[in-house]
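# Dropping a prediction and its sequence here:
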Amino acid sequence: MLDIKFVRANPDVVRENIKKKFQDDKLPMVDEVLELDQRNRDIKQEVEALRAEKNKISKQIGACMAQGKKEEAEGLKQKVQESADRIEALSTEEKEVEEKIKKIMMTIPNIIDPSVPIGKDDSENVEIEKFGEPVVPEYDIPYHTEIMESFAGIDLESAGKVAGNGFYYLMGDIARLHSAVITYARDFMIERGFMYCIPPFMIRSNVVTGVMSFAEMDAMMYKIEGEDLYLIGTSEHSMIGKFIDSMLDESQLPQTLTSYSPCFRKEKGAHGIEERGVYRIHQFEKQEMIVVCKPEESPKWYDVLWKNTVDLFRSLDIPVRTLECCSGDLADLKVKSCDVEAWSPRQKKYFEVGSCSNLGDAQARRLGIRVRGEDGNKYFAHTLNNTVVAPPRMLIAFLENNLQADGSVKIPEVLRPYMGGMTEIKRK
């Protein structure tokens, strides 16, 4: 969420940013919010003047009463009452105006970083760098669920009966592999200096609207009926929410945390054949990383975060690339974002396995996450987040890239301690 003072001083910058995000339908909001802002300031000014006048008249009433001028005092009392009624009416209007301003300000997109490429959608995202050599073996790579089934490792049919489409049972060595990847990712991040955390898996609505846009909220979140609680779509939501309404000393920054959680997502819309199986599902587990830092340090931490994910995937022998998200593919709160994509030897292309984002002070402004500098000045922190690993998609990449000609799957050396020393998974 932008600062209304920034919008007031830079309306053309805000309009140009909206155009860069191809959201021209939001352009009228700039004039609307500026008009509301002016009205809000006019109200405050009038209320201040009325209160000053009211105090002045109150003193005059006391003087009149002391002098026995009761009739004059009654007239002044009437004026005080009229001022009080006007103040009450203005105060009601002020609340309504401020609510409208807040709603619009939460809809106007954040100012994107100058380095972000301009494009309408994810088809115009830009490849940054490749890590590892993509390999297409001479033997066929089956679809990921077929690989899992060859190890008796997945049961979609039973899950469909129990919970419907978008759910699964993982079994045996595949279930163990899933847990091993999560545990390895946890230790990987701890070794890189991040504090491990298990957060609440439900959050209140004020946290939801603090960490994401209304459009994302509608497309992703499951609400608990009858309660002000939502199931989290990613632990980032809980982790950033941890700092709501806080005043951090500058010496406490940066806050670097890595968190485990299950994730729940509606995943609205129809999806292609490559997104069946366990690619796009309603429930999965994830290791996440978040940073709360000083504004000038967020670009540095952005690079640290996505490199962590690249290094983890490369340690598991999975080739990856980074893709810069274009303006039209950025969620409204994001300043800059890149996807980490893993190589699929079956599809002979890369697919998304994680996303790294710098949100500037947008989340901090919504949630009230402030910092007290050494000089006593107060400012909003910057927040960043990135996927360490989300095993459903990670499993797809892992199985395809480590599948052997005989149908077995090799276990990279770093993962073997988490798999009881196993060097490979063999067909059942």
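Everything's here; your move.
# the strands in the stretch 201-350 of the chain, which residues?
Along the stretch 201-350 of the chain, counting by DSSP state E, counting those that start in this stretch, strands occupy 202-203, 222-223, 230-231, 246-249, 255-264, 283-293, 320-324, 336-344, 349-358.
# Compare these and give me the one nearest residue 87.
strand 246-249 (31.4 Å; CB to CB). C-beta coordinates here come from the backbone N, C-alpha and C atoms, glycine included.
# The closest one: how far from the chain's middle?
Relative to the centre of its chain, strand 246-249 is centred 21 Å away, using CA atoms, centre = their mean, to the nearest Å.
# chain center to stretch 142-153, what's the gap?
Between the centre of stretch 142-153 and the centre of its chain there are 33 Å (CA atoms, centre = their mean).
# which of the residues in it are buried?
Neighbour-count burial for stretch 142-153, counted by 16 or more other CB atoms under 10 Å, picks out 142, 143, 144, 145, 147, 148, 149, 150, 151, 153.
# quick one: contacts for the residue lying closest to the third one once chain neighbours are set aside?
Pointing back at residue 144 there. Nearest non-adjacent residue to residue 144, counting by CB to CB, 6 or more residues apart in numbering: residue 396, 4.4 Å away. For residue 396, the contact set (CB atoms under 8 Å, 6 or more residues apart in numbering) comprises 144, 277, 278, 279, 342, 344, 351.
# Tell me the secondary structure of residue 396, please.
Residue 396 falls in the helix class when you classify it by DSSP: H, G, I helix; E, B strand; the rest coil.
# rewinding a little: mind checking which of the strands of the stretch 201-350 of the chain is nearest residue 67?
Closest among the strands of the stretch 201-350 of the chain, using CB to CB: strand 246-249, at 51.4 Å.
# burial measure for the spatially closest residue to residue 20 that is not a sequence neighbour, as a count.
Leaving out its chain neighbours, the residue that sits closest to residue 20 by CB to CB, 6+ apart is residue 327, at 4.7 Å. A total of 21 residues lie near residue 327 under the criterion other CB atoms under 10 Å.
# Phi and psi next, for residue 319.
Dihedral pair for residue 319: phi -70, psi 140, per degrees, to the nearest 10.
# Verify the contact between it and residue 342 for me.
Yes: if you go by CB atoms under 8 Å, residue 319 and residue 342 touch, sitting 7.3 Å apart.
# what comes up buried for stretch 117-137?
119, 125, 131, 132, 134.
# Please, where are all the strands along the stretch 1-150 of the chain?
So, for the stretch 1-150 of the chain - with DSSP E, counting those that start in this stretch - the strands run 126-131.
# what helix or strand does residue 388 sit in?
strand 382-389 (DSSP states H and E).
# Tell me the helices and strands packed up against that strand.
For strand 382-389, the contact count by 3 or more CB pairs under 8 Å, 6 or more residues apart in numbering; DSSP states H and E identifies helix 172-191, helix 235-241, strand 283-293, helix 298-315, strand 349-358, helix 362-367 as packing neighbours.
# give me that answer again for 6 Å
helix 172-191, strand 283-293, helix 298-315, strand 349-358 (3 or more CB pairs under 6 Å, 6 or more residues apart in numbering; DSSP states H and E).
# highest average neighbour count across the ones you listed?
strand 283-293 (a mean of 24; mean count of other CB atoms under 10 Å).
# rewinding a little: of the buried residues of stretch 117-137, which is the nearest to residue 216?
Out of these, the member with the shortest distance to residue 216 (by CB to CB) is residue 125, at 18.1 Å.
# and that closest one, what does it touch?
323, 325, 326, 329 (CB atoms under 6 Å, 6 or more residues apart in numbering).
# Could you report the distance from the first one to residue 358?
By that I understand residue 323. Distance from residue 323 to residue 358, counting by CB to CB, to the nearest Å: 15 Å.
# quick one: low-confidence parts of the stretch 151-300 of the chain?
268-275 (pLDDT under 70).
# again, 80 this time
For the stretch 151-300 of the chain, the stretches with pLDDT under 80 are 214-216, 218, 267-277.
# Report the contact partners of residue 169.
So residue 169 contacts 155, 158, 159 (CB under 6 Å, 6+ apart).
# pretty sure the last one is touching residue 167, no?
This points to residue 159. Yes: under the criterion of CB atoms under 6 Å, residue 159 makes contact with residue 167 at 4.3 Å.
# list the helices and strands the lengthiest helix in the chain packs on?
Using DSSP state H, we find that the single longest helix of the chain is helix 27-66. Packing partners of helix 27-66 (3+ CB pairs under 6 Å, 6+ apart): helix 11-20, helix 70-105.
# among those helices, which is the most enclosed?
helix 11-20 comes out most buried of the helices and strands packed on helix 27-66 by mean count of other CB under 10 Å, with a mean of 16.
# Rounded mean pLDDT for it, please.
Here helix 11-20 scores 98 as its mean pLDDT.
# Return the distance of it from the chain's centre.
22 Å.
# Distance check, residue 245 against residue 366.
Counting by CB to CB, the gap from residue 245 to residue 366 is 11 Å.
# Just tell me which of the strands of the stretch 201-350 of the chain ends up closest to residue 83.
If you check each of those against residue 83 by CB to CB, strand 246-249 wins as the nearest, at 36.5 Å.
# Tell me the strands beside the closest one, with direction?
With DSSP bridges as the test, strand 246-249 is paired with strand 369-372 (parallel).
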